[in-house]
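Undergrad: Fold the stuff below for me.
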Amino acid sequence: MFTPLVLGSQAYPLLEVVHIAGIALLVGNLVLLELRVFGAGAALPVPSLARLSLSLAAGGFALAAASGLLMFATQPQELLANRAFTLKMLLLFMAGCNAAWFHGRGSLDRLDGVARAQMIASTLIWLAAIACGRWIAYV
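TA: From the prediction side, this is the model:
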């Protein structure tokens, strides 16, 4: 079972809180944009909502990545040997590749079937990464 090294009595739990807040900002804003693309909130223009939600998602990613790196630094060997952690890292790589493809092909301007499939794939990948993150402590 995974047990982090003590960074001080409250430091590790605070890092976890920051990590979860970052994930919430990231995934929540991606889902918000996806809901708009699929027809919810039709009065909101997609370009304006995309600028706002993607900026907040990027901030959430930065929080999650920074706190995740600090948590990783507490026990890198144990985490690298943890199957849930390695699967989470693979999923994060997949999410990054999907985002690069999405923005590289101008999917926000097209909002075609491929763009919609990419958005659904993004949400599913992020949800799987969250599940793997929770499983780290139990594998």
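Undergrad: Next SSE downstream of the lowest-mean-pLDDT helix or strand in the chain?
TA: Here the helix or strand of the chain ranked lowest by mean pLDDT, DSSP states H and E is helix 107-110, holding a mean of 94. Next along the chain after helix 107-110, taking DSSP states H and E as the criterion, comes helix 113-135.
Undergrad: Report the buried residues of that next one.
TA: 115, 118-119, 122, 125-126, 128-130, 132-133, 135 (16 or more other CB atoms under 10 Å). (C-beta placed from N, C-alpha, C; glycine too.)
Undergrad: Mind giving me the packing neighbours of the helix ranked longest in the chain?
TA: The longest helix of the chain (DSSP state H) is helix 46-74. On a contact count with 3 or more CB pairs under 8 Å, 6 or more residues apart in numbering; DSSP states H and E, helix 46-74 meets helix 11-37, helix 107-110.
Undergrad: mind redoing it with 6 Å?
TA: helix 11-37 (3 or more CB pairs under 6 Å, 6 or more residues apart in numbering; DSSP states H and E).
Undergrad: State the mean pLDDT of the helix it packs on.
TA: Taken as a whole, helix 11-37 has an average pLDDT of 96.
Undergrad: when you give positions from now on, start the count at 219
TA: Fine by me, first position is 219 from now on; the one you just mentioned is helix 229-255.
Undergrad: Work out the gap between that helix and the centre of the chain.
TA: How far helix 229-255 lies from its chain's middle: 7 Å, per CA atoms, centre = their mean, to the nearest Å.
Undergrad: likewise stretch 286-299?
TA: 18 Å.
Undergrad: For it, the averaged confidence score.
TA: Here the average pLDDT along stretch 286-299 is 96.
Undergrad: Restrict that stretch to CA atoms and write it as CSV.
TA: What follows is stretch 286-299, C-alpha atoms only, in CSV (Å, rounded to 0.1, in the frame of the first residue of the first chain):
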residue,chain,number,x,y,z
GLY,A,286,1.5,16.3,-8.5
LEU,A,287,5.3,16.8,-9.1
LEU,A,288,5.8,17.7,-5.4
MET,A,289,3.8,14.7,-4.3
PHE,A,290,5.8,12.5,-6.7
ALA,A,291,9.0,13.8,-5.2
THR,A,292,8.1,12.3,-1.8
GLN,A,293,8.4,8.7,-3.1
PRO,A,294,9.4,8.5,-6.7
GLN,A,295,10.5,4.8,-6.6
GLU,A,296,7.4,3.6,-5.0
LEU,A,297,5.2,5.5,-7.4
LEU,A,298,7.1,4.4,-10.5
ALA,A,299,6.5,0.8,-9.3
